[in-house]
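J.: Here is my input; please provide its structure:
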Amino acid sequence: MDIIGGSDDASREIMKRTIIVIDDEEPVRKVLNTHLLKEGYDVIQSAGDNAVFDLLRNLYCDLIICDITMPEADGFRVLEFVRENLDTTPVIMLTGLTDLSVAVDIMKRGAFDYVIKPVKKDDLMAIVRRALVHRDLLARNKELELENREYQGFLEQRVRERTKELNAKAKELQKAYGLLKSTNMQFVNVLAETIEAKDAHTRGHCNRMRILCMELGSLAGLSADEMEVLEYASLLHDLGKIGIAEEILNKTGPLTEDEFRRMREHPEIGEKILQSVPSMAPIAKVISCHHENFDGSGYPKGLKGAEIPVASRIISVADLYDAMSSDRPYRKGLPQNVVLREMKRVAGSQLDPEVVAAFIENRVHLSVRNESATASGL
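T.: Have a look, this model is predicted:
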């Protein structure tokens, strides 16, 4: 093996190209060496014995020019080695006129091109230049792939870190939301207790309404957000009674026409109170409609059917059931069969028939009894 440097150091420094020439015929190597040196390339020569593989492992090169037919390490073995170990280094094969079919075959195996012996300088240099451009493209593509993998790894790491941050933030927000919801529920329960304290006839009514309405809402397939609105509205549906005089609320006898008119104002009073709180707007709408009748004969707006929010229709059913089955100063609570018969009778006029059917078929009234038993430790 001979290592021969170019005579023009400046040109070699600019080109920075090293070419290995592998051929068992010394005259061929000398011709190629002369042509390549004159073009400013550094040249490393090898006779093509088995030591060529150590050479290829240990020395950098930009291009390999290799004969196909050699006694020890032929072109096929060299090409296979380069493809496995130097994937960006192009190989130009040297072949005689009688070996063209072999040259074509070896190109199919990955050689960049071939040069026919005897070598003509112009043909050689044209193929060398193309091969080096090809090599540069392969090298750049490999660099880009590496950069892309590194960047992809960086992005994946950032995604993992960001996901971890977002999960932690989500837990914080969930905790904060849970605390806020708990605080809101405590506030709503205080309002419900205030309503019951004002109206002695409705002790425990708000909590029973919550239990009945949540069961009906679940049967109706309401979403989590809709269930939350229903829960608050069931507890606050009579909030407007705060604006009704206690002598009217606690009157044991029949109401006068004026007193009844005043009593009918409580849905709108409750709506106005809650409308001042932005987060309570959906609840305010439900409360304002809980005395609307399914056939349009209710108040305050005379809405009918689907015009009435489903949560309001649920509250109407639960409200009628609890009012009729609970004790009042002027009467005892009515028997279950009487209450359920009356609910069937007004289904389609006062009450939504589908909600009434769900109430009766699923025996929703038992949920209040079960809740009471659980609270009592039975």
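
J.: pretty sure G296 is touching A306, no?
T.: No. Counting by Cβ atoms under 8 Å, G296 stays clear of A306, with 11.5 Å between them. C-betas here are computed from N, CA, C, even on glycine.

J.: Just want to know which of these two has more residues nearby.
T.: For G296 versus A306, neighbours defined as other Cβ atoms under 10 Å are more numerous around G296 (14 against 10).

J.: contacting residues for that one?
T.: G302, L303, K304, G305 (Cβ atoms under 8 Å, 6 or more residues apart in numbering).

J.: With V119 instead?
T.: By Cβ under 8 Å, 6+ apart, the contact list for V119 reads V28, V31, L32, H35, L94.

J.: cool, and E84?
T.: Contacts of E84 by Cβ under 8 Å, 6+ apart: none found.

J.: The closest residue to N33 other than its chain neighbours is in what secondary structure piece?
T.: Spatial nearest neighbour of N33, excluding adjacent residues (Cβ to Cβ, 6 or more residues apart in numbering): V43 at 4.9 Å. In the assignment (DSSP states H and E), V43 maps to strand 42-46.

J.: Same check on E215?
T.: helix 205-219.

J.: Roughly how far does E156 sit from R162?
T.: In this structure, E156 and R162 are 11 Å apart, going by Cβ to Cβ, to the nearest Å.

J.: where does this structure have its least confident helix or strand?
T.: helix 9-15 (a mean of 42; mean pLDDT, DSSP states H and E).

J.: Next secondary structure after that helix?
T.: Downstream of helix 9-15, the first helix or strand assigned by DSSP H and E is strand 18-22.

J.: Distance from the chain centre to that next one, please.
T.: 55 Å (Cα atoms, centre = their mean, to the nearest Å).

J.: now stretch 315-331
T.: Per Cα atoms, centre = their mean, the centroid offset for stretch 315-331 relative to its chain is 47 Å.

J.: Then stretch 161-174?
T.: So, by Cα atoms, centre = their mean, the centroid of stretch 161-174 is 14 Å from its chain's centroid.

J.: mind exporting it as PDB, just the C-alpha atoms?
T.: Extracted C-alpha coordinates of stretch 161-174, given in PDB (Å, rounded to 0.1, in the frame of the first residue of the first chain):
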ATOM      1  CA  GLU A 161     -41.900  17.600  30.800                       C
ATOM      2  CA  ARG A 162     -44.800  19.700  29.600                       C
ATOM      3  CA  THR A 163     -47.300  16.900  30.100                       C
ATOM      4  CA  LYS A 164     -45.900  16.400  33.600                       C
ATOM      5  CA  GLU A 165     -46.300  20.100  34.300                       C
ATOM      6  CA  LEU A 166     -49.800  20.100  32.900                       C
ATOM      7  CA  ASN A 167     -50.800  17.100  34.800                       C
ATOM      8  CA  ALA A 168     -49.600  18.700  38.000                       C
ATOM      9  CA  LYS A 169     -51.400  21.900  37.100                       C
ATOM     10  CA  ALA A 170     -54.500  19.900  36.300                       C
ATOM     11  CA  LYS A 171     -54.400  18.200  39.700                       C
ATOM     12  CA  GLU A 172     -54.000  21.700  41.300                       C
ATOM     13  CA  LEU A 173     -56.900  23.000  39.300                       C
ATOM     14  CA  GLN A 174     -59.000  19.900  40.100                       C
END
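
J.: Tell me the buried residues in it?
T.: By neighbour count, with 16 or more other Cβ atoms under 10 Å as the criterion, stretch 161-174 contains no buried position.

J.: Most widely separated two among the contacts of G296?
T.: The most widely separated members of these, counting by Cβ to Cβ, are G302 and G305 (11.6 Å).

J.: Low-confidence ranges, the stretch 201-350 of the chain, go.
T.: Across the stretch 201-350 of the chain, the ranges flagged by pLDDT under 70 are 201-203, 328-330.

J.: got a list of what the nearest residue to P300 once chain neighbours are set aside touches?
T.: Nearest residue to P300, sequence neighbours excluded (Cβ to Cβ, 6+ apart): E268, at 5.3 Å. By Cβ under 8 Å, 6+ apart, the residues touching E268 are G240, S288, P300.

J.: buried subset of the residues you listed?
T.: G240, S288.

J.: Which strands or helices does the helix or strand harbouring E342 pack on?
T.: Under the criterion of DSSP H and E, E342 resides in helix 336-346. Where contact means 3 or more Cβ pairs under 8 Å, 6 or more residues apart in numbering; DSSP states H and E, helix 336-346 is packed against helix 310-325, helix 353-361.

J.: Name the stretch among the ones you listed that sits most buried.
T.: helix 310-325 (a mean of 23; mean count of other Cβ atoms under 10 Å).

J.: which secondary structure elements does it contact?
T.: helix 205-219, helix 224-236, helix 281-288, helix 336-346, helix 353-361.

J.: pLDDT of the strand holding V43, averaged?
T.: Mean per-residue pLDDT for strand 42-46: 94.

J.: helices or strands next to the very next helix or strand once past that strand in the packing?
T.: Sequence-wise, the next helix or strand downstream of strand 42-46 (DSSP H and E) is helix 52-58. Packing partners of helix 52-58 (3+ Cβ pairs under 8 Å, 6+ apart): strand 18-22, strand 42-46, helix 75-85.

J.: Please identify which of those is closest to T256.
T.: Minimum separation from T256 across those (Cβ to Cβ) falls at helix 75-85, 103.8 Å.

J.: Run the angle between the closest one and strand 42-46 for me.
T.: 130 degrees (axes from the mean of the first three to the mean of the last three Cα atoms, to 10 degrees).

J.: about what we covered before: can you point out the buried residues in the helix holding E215?
T.: Going by 16+ other Cβ under 10 Å, helix 205-219 has these buried residues: 205-217.
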